[in-house]
Structures are given as C-alpha cells and as structure tokens.
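>>> Show me how the following folds:
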Amino acid sequence: MKLGSIVRILIIAVLAVLIIIPAVSCIKLARKSGATTGQVNVPVNANNASNLGSLEFEVVYNPDILQPVSVTKGDLADNAMLDSSFARSGRVWVAMVDSNGLSGSGSLAEITFRRVGSGQTAAVLTLENVRAYNATTLVDIMTSTTAGSLTTPPAINFTR
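Below is the predicted model:
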C-alpha cells in the first residue's frame, strides 16, 4: 500500500472518530484573567496557513512550572473540530480538523496553564510532532515552528 493511501486512511479514521465523539471538547470556555486565578492563556499561532484540513501537534512545557488546564479553539480555527490530551506529563497534544480548510494567520488554539512553580515568565514552550495536511488533496503541508513562552506565543509556520 502506498504512503499516500495510508495517510488518507488515517485522516478518514481521525475524521470518523472526531465526528462520533461528543462535541464536549469543542465548547468554547469563558476565559479567566491570569492575574487573579494564577492561570495564563497561551495561544498557539499559525503563520500563512493555506487550505489546512487537519493538524496535529504537541506543545512541550516544564511540568515543574506549569500544569495544563484546558485547550480551546483559537480565532482562526473557529469552525474546526478540536481534540486535546494532557495524558503525557510535560506535553499537551492537540488535533484539529476542518473540512473547509483553514487559511490565514492567527490563533489556532489557546492553552490555559496554571502556574505551579517558580520562573513562570521564563517557561519555554516548544512545538513538536507537527503534522499538517491539505483539506483538498490530503497531501502533507511543510511546516516549521517558532518556540514561545508565556508572554510570546509559539507558532507554526506554513510553507507556501
């Protein structure tokens, strides 16, 4: 079986799972101010996305400093289906699907972290295991990443 066929099967399987799972993770939660709650909201941004149909990535953080609380859709992904997991310490897994294709620059997802240790503003957030596919052709989209912090959002850069 060719790699392209395998990728298509995997994307179809992911779409099927996301459609079957209740849309609980797709509800946009009210955002609280980090100043009064000890929480901080960090967007994960996209730069120059074009017809992005599905995306998966991990945000890597220091669990001695931060604890993830929630993941919500960003403005660019307002119509996308979103899923996330905090199962692995030090990593937030995020996946999204939009059959219409996302295009442009802006916030893909927003991760709320609770500060649990010192050095909160120095916390480095990196992006790993980024997989992006075109909504029409299902072909891989080339990406690069830019690390961030609690004050500077990490970004996924899409190659045109």
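
>>> what's the following helix or strand after the worst-scoring helix or strand of the chain on mean pLDDT?
Lowest by mean pLDDT, DSSP states H and E among the helices and strands of the chain is helix 34-37, with a mean of 42. Using DSSP states H and E, the helix or strand that follows helix 34-37 in sequence is strand 39-60.

>>> How far does that following strand sit from its chain's centre?
How far strand 39-60 lies from its chain's middle: 4 Å, per C-alpha atoms, centre = their mean, to the nearest Å.

>>> now stretch 78-86
7 Å.

>>> Looking at that stretch now, give me its mean pLDDT.
Stretch 78-86 shows a mean pLDDT of 96.

>>> now stretch 47-58
97.

>>> go on, stretch 115-128?
79.

>>> how many other residues sit next to residue 117?
Using other C-beta atoms under 10 Å, residue 117 is surrounded by 12 other residues. No exception for glycine: its C-beta is placed from N, CA and C like everyone else's.

>>> do you know how far it is from residue 135?
40 Å (C-beta to C-beta, to the nearest Å).

>>> got it, and residue 153?
24 Å.

>>> Which residue ranges of the protein form strands?
39-60, 66-73, 81-85, 91-115, 124-134, 143-146, 148-149, 155-158 (DSSP state E).

>>> May I see those organised as CSV, with mean neighbour count added?
Listed next are those as CSV, based on neighbours: other C-beta atoms under 10 Å:
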stretch, mean neighbour count
strand 39-60, 21
strand 66-73, 20
strand 81-85, 19
strand 91-115, 19
strand 124-134, 16
strand 143-146, 15
strand 148-149, 18
strand 155-158, 21
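
>>> Any idea how far apart the tips of stretch 136-147 sit?
This stretch, stretch 136-147, spans 29 Å end to end (C-alpha to C-alpha, to the nearest Å).
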